[in-house]
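In: quick check, what structure comes out for this input:
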Amino acid sequence: MSITGLVPEATWDEVSIQEKEVLGIYIKKSENDFLLFLEGLVIPSASGPQLFFDCMADFQREAFLSLGPSLISLRDGRVPKIRRFWIERTKKSAKDSDLAAVIMWLMAFPKRPFKCQIVASNFKQAGILRNRVIEILHYNTWLNELVEVIGGQIRNKNQHKEIWTKIESTDTGGAAQGEAPELLILNELVHVTKWEVMQAHMNNALGVPMNVTIVSTNAGIKGTPAESWRKIALEEGSRWKPHIWSSPSPWSDPEDIKEARRLDPIGMEFARLWEGKWISGIGSALDEFTIDACFCLEGPTKRRKEGMFYYGGLDLGISHDHAGVVVLGVSHSENKVKLVYFEGFSPCVPVGKKLEVDLVKVEKRCSQVYEKYGITWFGYDPAAGGSFMAQRLRLVGVPMQEVCFSSRSVRTTMATTFVQAMKERKVECYDDANKTLRRDFGKFNIEHRPPSSYCLTAVSDEFGHADVGTAFVIALPPAASSLDFFYDSSAGMDLVYDYDSLSGKELKRMPAEFQDILENEHQDTWEMD
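Out: Modelled structure (predicted):
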């Protein structure tokens, strides 16, 4: 072990005079040599305590060389040339350990009063970096003469009132208030839910001319604010310096990586955490490649096309007050289901202290798309007022059909049809600028309920509960049922469609294949008008 680290149990009196002299030279030079300080630290590496110089990876060294000049300028009271850094790495690639070393240098060798702040989504995330600082103090005992950790603060031991690092989370009451720091570390960005707090921290930093901001994160979810910030960091080259490592860390055990892959058979979380890929969501119904392949249309269909048959889906949220309307078109000549139109509805109507979806607008949109595309079947979830809206829409001719979500066979049909249609490349979609549908698809999970039932569930996030995606899977089974690809027709489709409630006019609008089947089954009860 390096003498700069010493054995943790050793006292200063046990260190030889020669070791003290060498250590003194190292400490003196480290005041103005940021990289030397890091190389001389002893760290808890994957193979045990080791000199950082001997195990520092190239991507770490590159990031430190980039950070160094800006941190020295900050410490000395000069405006840094580069003030924004984006550090994105895979799991176990030492993000927190490296940032802890950065903090230690600033706290150990100050030349003026300054403040640092570390912010994460919650106290558990925020505390990780604090623990890494404690590890460095443990393996480098001489630093305990200069730096101390007290509660949620890391501070210079001799000037603790003027030079300190505060650790907090976005869940903290009054977060983002108070004095703006010279160094701001926004840690684990992809886990943040209270983006207004994170944005407030960034705004505070913009008011400090010498501020350096470091964003540290894994890869995340497409369509989220984290991805928007990432785009800014990559596109504004003059203001931001990105450092992205998108491979497993060189010290990760290959067997651990194999186990992580086995634990995630769909592969989306593995791709995000271990391969540094931004994914469409945290669900696991489909892999990223399958989701990407379906988004091949440029935009919505502006008018009804001859030979196409149209199906609608309506989802009204309960626990998450959003809504979604989707129209699918079936082309038998192409053997495809095409997304024709979709719209999501966020809460916007004040009701007491909360906002609700404008149901009048949703109902009007259902009526409009019915007239525009000549929809032959319009499914809806009866919960959250869906039945009442469906009654009103039927009065103006919209062929609303209840989809019983409580039915195991219905849930199985939606799950199997969605996955098989997507994997067989029978679905073609477009998306909006916010990647609404891609994000919703990424939220879907498949739950296996023995012996032979499946359920398509959706992970909730700050954008709702996959309401547009749910409207899509409501409309998909009847739309896909006449296409030439395998899907589980034994799942009780009669529970999805209430054919007996169709009028003769509605029957005429249905595909010829359906008309023949239904006329044969119900020839005594149908009157064509």
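
In: C-alpha only now, for contacts and for neighbours.
Out: Noted.

In: and the helix or strand residue 439 falls within, how far from the chain's centre?
Out: Assigned by DSSP states H and E, residue 439 belongs to helix 436-443. Remark: helix 436-443 is offset 11 Å from the chain centroid, using CA atoms, centre = their mean, to the nearest Å.

In: and stretch 268-280, by the same measure?
Out: Using CA atoms, centre = their mean, the offset of stretch 268-280 from its chain centre is 10 Å.

In: endpoints of that stretch, how far apart?
Out: Stretch 268-280 stretches 9 Å from its first residue to its last (CA to CA, to the nearest Å).

In: partners of the residue sitting nearest the centre point of the chain in the sheet?
Out: In the chain, the residue lying closest to the centroid (CA atoms, centre = their mean) is residue 221, at 2.8 Å. Beta-bridge pairing of residue 221 under DSSP bridges involves residue 279.

In: surely it and residue 281 touch.
Out: Yes. Counting by CA atoms under 8 Å, residue 281 is a contact partner of residue 221 at 5.4 Å.

In: which residues touch whichever strand or helix holds residue 255?
Out: Assigned by DSSP H and E, residue 255 belongs to helix 254-262. Identification of contacts with helix 254-262 by CA atoms under 8 Å, 6 or more residues apart in numbering yields 267, 270, 274.

In: with stretch 74-87 instead?
Out: Residues contacting stretch 74-87 (CA under 8 Å, 6+ apart): 67, 69-71, 73, 95, 106, 110-112, 114, 182-183, 209-217, 230, 233, 238-244.

In: narrow those to those in helices?
Out: The helices, defined by DSSP state H, take in 67, 69-71, 73, 95, 106, 230, 233 from these.

In: tabulate those residues in JSON lines, adding columns for pLDDT.
Out: As requested, the ones in helices among the contacts of stretch 74-87 are exported to JSON lines (pLDDT from 0 to 100):
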{"residue": "67", "pLDDT": "97"}
{"residue": "69", "pLDDT": "97"}
{"residue": "70", "pLDDT": "96"}
{"residue": "71", "pLDDT": "97"}
{"residue": "73", "pLDDT": "96"}
{"residue": "95", "pLDDT": "95"}
{"residue": "106", "pLDDT": "95"}
{"residue": "230", "pLDDT": "95"}
{"residue": "233", "pLDDT": "94"}
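
In: for residue 336, state which of the residues you listed is nearest.
Out: Among the ones in helices among the contacts of stretch 74-87, residue 230 lies closest to residue 336 (CA to CA), at 35.2 Å.

In: which residues touch the closest one?
Out: Neighbours of residue 230 in contact, by CA under 8 Å, 6+ apart: residue 86.

In: follow-up on the earlier one: mind listing the shared neighbours of residue 221 and residue 281?
Out: Common contacts of residue 221 and residue 281 (CA under 8 Å, 6+ apart): residue 439.

In: could you list the domains of this structure?
Out: Using automatic domain parsing, the domains assigned to the chain come out as 57-246, 299-517.

In: so can I have a markdown table of these showing distance to residue 257?
Out: A markdown table is the format used below for the domains of the chain (distance: least, CA to CA, whole Å):
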| stretch | distance to residue 257 |
| --- | --- |
| domain 57-246 | 10 |
| domain 299-517 | 23 |
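
In: now for this protein, the helix or strand with the poorest mean pLDDT.
Out: When the helices and strands of the chain are compared on mean pLDDT, DSSP states H and E, helix 512-521 comes out lowest with a mean of 44.

In: returning to that earlier point: gap between the residue nearest to the centre of the chain and residue 47?
Out: For residue 221 relative to residue 47 (CA to CA), the value is 33 Å.

In: now residue 136
Out: From residue 136 to residue 47 the distance is 16 Å (CA to CA).

In: more neighbours, these two?
Out: Taking other CA atoms under 10 Å, residue 136 and residue 47 do not tie; residue 136 has more neighbours (21 against 8).

In: assumed that one was part of a strand.
Out: No. Counting by DSSP: H, G, I helix; E, B strand; the rest coil, residue 136 falls outside a strand, being helix.

In: from residue 59, how far off is it?
Out: 20 Å.

In: could you do residue 316 as well?
Out: 47 Å.

In: more neighbours: the two, which one.
Out: Using other CA under 10 Å as the criterion, residue 316 and residue 59 rank with residue 316 on top: 26 against 14.

In: run the chain-centre distance for stretch 381-395.
Out: Relative to the centre of its chain, stretch 381-395 is centred 33 Å away, using CA atoms, centre = their mean.

In: make 49 the starting number, not 1.
Out: Let's use 49 as the start, then, which means that last one is stretch 429-443.

In: other residues contacting it?
Out: Here stretch 429-443 makes contact (CA under 8 Å, 6+ apart) with 362-366, 411, 414-415, 428, 447-453.

In: got a PyMOL select line for the buried ones in the residues you listed?
Out: Command for PyMOL that selects the buried part of the contacts of stretch 429-443, burial taken from 16 or more other CA atoms under 10 Å:
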select buried, resi 362+363+364+365+411+414+415+428+447+448+449+450+451+452+453
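
In: residue 323: neighbour count?
Out: Around residue 323 there are 20 residues (other CA under 10 Å).

In: what do you get for residue 203?
Out: Residue 203: 26 surrounding residues under other CA under 10 Å.

In: could you find the closest non-adjacent residue to residue 345?
Out: Sequence neighbours aside, residue 478 is the residue nearest to residue 345 in space, at 4.7 Å (criterion: CA to CA, 6 or more residues apart in numbering).

In: wait, that neighbour sits on residue 339?
Out: No. Judged on CA under 8 Å, residue 478 makes no contact with residue 339 at a distance of 11.3 Å.
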